[in-house]
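Peer 1: quick one, structure for this:
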Amino acid sequence: MSGFRVQPGALEEFASAAESAAGQLAAPDPSTALAGVSSAVPGTATAAAATDLAIRLTVSCQALADAVAELAGAARASDAAYGATDGSAADLLLGTGPTP
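Peer 2: Numbers count the residues shown, from 1 in each chain. As a prediction, the model looks like this:
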């Protein structure tokens, strides 16, 4: 990939933003929001559908939050790998590291 450059700190910045987003994604509680539907029409198909929807939304939000958190971890790992590679290259070029 000719011309590809990693900006120092960009991956860490992204990882921090992704962690924040993951926390926000995990926070909603759809069951609370949909509880009014179930209590307004108890014992009906609408109440059952609202309960089912609340469960599905909760699981989906958590799965998305987990995926975004994993993305943040991958960005941090990449940042560390780029930093190690840059450090090794600098050592090699400056003659300050171990000789290959």
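
Peer 1: going forward, measure contacts and count neighbours with C-alpha atoms only.
Peer 2: Fine.

Peer 1: show me what stretch 58-69 is in contact with.
Peer 2: Residues outside stretch 58-69 that contact it (CA atoms under 8 Å, 6 or more residues apart in numbering): 18-19, 21-26, 28-31.

Peer 1: may I have stretch 48-65 as CSV, with CA atoms only?
Peer 2: Output for stretch 48-65, consisting of C-alpha atoms alone and laid out as CSV, is shown next (Å, rounded to 0.1, in the frame of the first residue of the first chain):
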residue,chain,number,x,y,z
ALA,A,48,-46.7,-9.9,23.9
ALA,A,49,-45.3,-8.3,20.8
ALA,A,50,-44.0,-5.3,22.9
THR,A,51,-42.3,-7.7,25.3
ASP,A,52,-40.8,-9.7,22.5
LEU,A,53,-39.6,-6.4,20.8
ALA,A,54,-38.1,-5.2,24.1
ILE,A,55,-36.1,-8.4,24.5
ARG,A,56,-34.9,-8.3,20.9
LEU,A,57,-33.9,-4.7,21.1
THR,A,58,-32.0,-5.2,24.4
VAL,A,59,-30.1,-8.2,22.9
SER,A,60,-29.3,-6.3,19.7
CYS,A,61,-28.1,-3.2,21.5
GLN,A,62,-25.8,-5.3,23.7
ALA,A,63,-24.5,-7.3,20.7
LEU,A,64,-23.7,-4.0,18.9
ALA,A,65,-22.1,-2.6,22.0
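
Peer 1: average pLDDT for the strand or helix carrying residue 62?
Peer 2: Element membership for residue 62, per DSSP states H and E: helix 45-94. Per-region confidence: helix 45-94 scores 86 on mean pLDDT.
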